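Colleague: I'd like to go over a predicted model; first the sequence, then the structure.
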Amino acid sequence: MNFTQEDLRKQFDDATYRAGLEDAGHDRVKQIQLAANLIRSQVKGLGNQVWQQNIFLKSTVRGPLFQGTCTCVANTNCRHVVSVLLTLLQRKKNADAQPVSAPVAAWLARLRNAAFGASDPAASTTEVQEAPAQRLLYVLSPDASGRRTVLGLCQARFRPNGEIASALPVADPQSLLVEKPDYLQPDDESPLRLFIAMSGSAPSSQSQVEPRGLIGAQLLRMLTDRHQLLWTNSWADIGKGLLFPLRAAPPREARLVWTETESSLRLSWEFAPQPENEDNKRAARKQQIDYILPTEPAWYMDNLTCGELLLPAKDTGISAKDLQELVAQAPHVPLKDKTAISRMLMTQGLSEWIPPPESVKESVREDIMPTPVLRLGSMPNKGAGDAGELSWYDYAQLLFDYDGQTVFYGTQLSVMRARDAVVERIVRQEEAETAFCDVLRESGFVPQDHAALPGLLEMTSQADWMCFSRTVVPELEKQGWRIEKAQEYRYDIAEIEEWYARIADEGAETGRDWFNLELGIVVNKKRIS
């Protein structure tokens, strides 16, 4: 890989060369890896962005030819490519001044790391390395259904020019930690342990797992940073060497769309449109996402690139993970149901998550006032109280009835209902809702956030509950509140209006000296024996 500074001046224009010279002078090249005629590198931009480059050197009769690509806006043969080539020239010059063998250089690097650790000012610069003869690689491929991706391990053997000569799947990943092969590098252990941890309870011979959860995202990020992640269209193609490097790509936003065929609709994810500029024109042509990995956060795999996928984040009470699983489980919808499902998504308040497949005519009502509804209940409180003593949890929930449509206090959901061919949106009266809640606050209730019990209100003591049920509930009912009491509610108190007793002589009927006695009370003008 021989070239001179004059070769760079001939191929790159003056502005690009000067910009690359400035980057190299400010030590912005943070990583360089050599593999035959391929250079892989990273350059830190003027901000915190890190750009990645792949540079090929070709020998021609006119001298070396540089073919560089970069993840920056310029994309090809940019200032970052020049800065990498200039940095290589400088490092070669320094190496020629003080020649040292590769083993000695590696030993000195380890010594420096032990002495200085994270405080080493040169620690951010990776030494130039030749491609190893063998290496542990991770390969993503579609599963048998073609809908999901699985991650596997393989042992790859390289040609002198850096190409993969052959690859063999690793059947037992755990064995690599027990009897470490020669090709296992020290920094291979961290991703390998993550891979094994992600396998969970799978058999030790399980060589493929689906990247999931926090561990899956951490592992993918680590592998892309180390250029150790590849793609194959079929696991059987690994033996043929049909492996393709996966490049790290910037985060992309996703949105939900309905894909229509001749007979049905299917809910799916696609890339959200990016701002129009030269860098995004090519990416804007294809919006469909090849694969979405169920990691946390989600990752996408698209056109031999992968990166973090930003799912819609709305304050609607459903997590991105749950939404992703629900979308994956969505059935095909017949085209004849297109209008019906659109109206259902809107009237059931689901359009906050899922866009309707077609627009529905909508009207707005601002003249409907809410009726306050108070639900009172009690439930056993497991894990509380003394041993053998049953403890109870008493609670209330505040709702509002908008002409038959109920909604909990403290939620942001819209009130929708179907009216013939129109979906009617009822505007919530926030001031009135707050005023109703203030009435309960004055009675001793404290609002609480609870995922399973929306609109939750609590009181501090049983005495407060008794007082509320005895004195406040009747007043609320007189004011038009609707009080709903669960069967288990412990404070369903009613005043006894009177006692009664009834004696019936059965001697005449049975011939024996027997009589029946019924003793009871009268509550709400009803006899209770």
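Modeller: Received the coordinates, thanks.

Colleague: ok so residue 460 is a strand residue?
Modeller: No: counting by DSSP: H, G, I helix; E, B strand; the rest coil, residue 460 is not found in a strand; it is coil.

Colleague: and the closest residue to it other than its chain neighbours, how many neighbours?
Modeller: The shortest distance from residue 460 to any non-neighbouring residue, by CB to CB, 6 or more residues apart in numbering, is to residue 444 (7.2 Å). Glycine gets a C-beta too; all of them are placed from N, C-alpha and C. The number of residues packed near residue 444 is 17, by other CB atoms under 10 Å.

Colleague: Need the per-residue pLDDT for residue 444.
Modeller: For residue 444, the pLDDT comes out at 95.

Colleague: Can you say which helix or strand has it in it?
Modeller: Using DSSP states H and E, residue 444 falls within no helix or strand.

Colleague: OK, contacts around it?
Modeller: 459, 460, 464, 467, 468 (CB atoms under 8 Å, 6 or more residues apart in numbering).

Colleague: So the residue nearest to the spatial centre of the chain, which state does it fall into?
Modeller: Residue closest to the average C-alpha location in the chain (CA atoms, centre = their mean): residue 297, at 3.6 Å. Of the three states, residue 297 takes coil under three-state DSSP.

Colleague: isn't it right up against residue 319?
Modeller: No: in this structure residue 297 lies outside contact range of residue 319 using CB atoms under 8 Å: 11.2 Å.

Colleague: Can you show me the helices along the stretch 151-300 of the chain?
Modeller: Along the stretch 151-300 of the chain, the segments classed as helices by DSSP state H, counting those that start in this stretch run 175-178, 189-199, 213-225, 278-284.

Colleague: how about the ones you listed in TSV, adding mean neighbour count and distance to residue 344?
Modeller: Below are the helices of the stretch 151-300 of the chain laid out as TSV (neighbours: other CB atoms under 10 Å; distance: least, CB to CB, whole Å):
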stretch	mean neighbour count	distance to residue 344
helix 175-178	13	52
helix 189-199	18	38
helix 213-225	19	32
helix 278-284	12	32
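
Colleague: In TSV: those, plus mean pLDDT and distance to residue 335.
Modeller: Compiled in TSV, the helices of the stretch 151-300 of the chain are given as follows (pLDDT from 0 to 100; distance: least, CB to CB, whole Å):
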stretch	mean pLDDT	distance to residue 335
helix 175-178	86	52
helix 189-199	88	40
helix 213-225	92	36
helix 278-284	50	28
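
Colleague: Output the below-cut-off pLDDT ranges for the protein.
Modeller: 1, 36, 61, 94-132, 161-162, 201-206, 275-286, 313-318, 382-389, 506-512 (pLDDT under 70).

Colleague: Disregarding residues adjacent in the polypeptide, which is nearest to residue 354?
Modeller: Per CB to CB, 6+ apart, closest to residue 354 is residue 345, 5.6 Å.

Colleague: could you say which helix or strand contains that neighbour?
Modeller: helix 338-347.

Colleague: sorry, back to before: closest one to residue 310 among the helices of the stretch 151-300 of the chain?
Modeller: The closest of the helices of the stretch 151-300 of the chain to residue 310 is helix 213-225. By CB to CB, the value is 12.7 Å.

Colleague: which strands and helices sit next to that closest one?
Modeller: The helices and strands touching helix 213-225, judged by 3 or more CB pairs under 8 Å, 6 or more residues apart in numbering; DSSP states H and E, are helix 189-199, strand 247-248, strand 299-302, strand 305-310.

Colleague: Now distance to residue 175 too, for those, in JSON lines please.
Modeller: As requested, the helices and strands packed on helix 213-225 are exported to JSON lines (distance: least, CB to CB, whole Å):
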{"stretch": "helix 189-199", "distance to residue 175": "11"}
{"stretch": "strand 247-248", "distance to residue 175": "29"}
{"stretch": "strand 299-302", "distance to residue 175": "28"}
{"stretch": "strand 305-310", "distance to residue 175": "28"}
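
Colleague: Looking at those, which is nearest to residue 72?
Modeller: Nearest of these (CB to CB): strand 247-248, 13.4 Å.

Colleague: any residues touching that closest one, and which ones?
Modeller: Applying CB under 8 Å, 6+ apart, the set of residues contacting strand 247-248 is 52, 54, 71, 224, 225, 304, 305, 306, 307.

Colleague: hang on, the earlier thing: just the contacts of residue 444 now: which is nearest residue 93?
Modeller: Nearest to residue 93 among these: residue 460, at 77.0 Å, using CB to CB.

Colleague: which of the residues in the longest helix seen in the chain are buried?
Modeller: As assigned by DSSP state H, the longest helix anywhere in the chain is helix 79-97. Residues of helix 79-97 classed as buried: 79, 80, 81, 82, 83, 84, 85, 86, 87, 88, 89 (neighbour count, 16 or more other CB atoms under 10 Å).

Colleague: Over to stretch 247-259?
Modeller: 247, 248, 249, 252, 254, 256, 257, 258.

Colleague: so how far is that stretch from its chain's centroid?
Modeller: Computed by CA atoms, centre = their mean, to the nearest Å, the chain-centroid distance of stretch 247-259 equals 12 Å.

Colleague: so where do the helices sit in the stretch 1-150 of the chain?
Modeller: For the stretch 1-150 of the chain, helices defined by DSSP H, counting those that start in this stretch occupy the ranges 5-11, 14-25, 79-97, 102-116.

Colleague: I'd say residue 428 and residue 370 touch.
Modeller: Yes: counting by CB under 8 Å, residue 370 is a contact partner of residue 428 at 7.4 Å.

Colleague: Overlap in contacts, these two.
Modeller: By CB under 8 Å, 6+ apart, the residues touching both residue 428 and residue 370 are 400, 402.

Colleague: What residues does residue 167 make contact with?
Modeller: Contacts of residue 167 (CB under 8 Å, 6+ apart): 137, 139, 154, 155, 156, 157, 238, 239, 241, 243.

Colleague: gap between it and residue 153?
Modeller: In this view, residue 167 and residue 153 are 10 Å apart by CB to CB, to the nearest Å.
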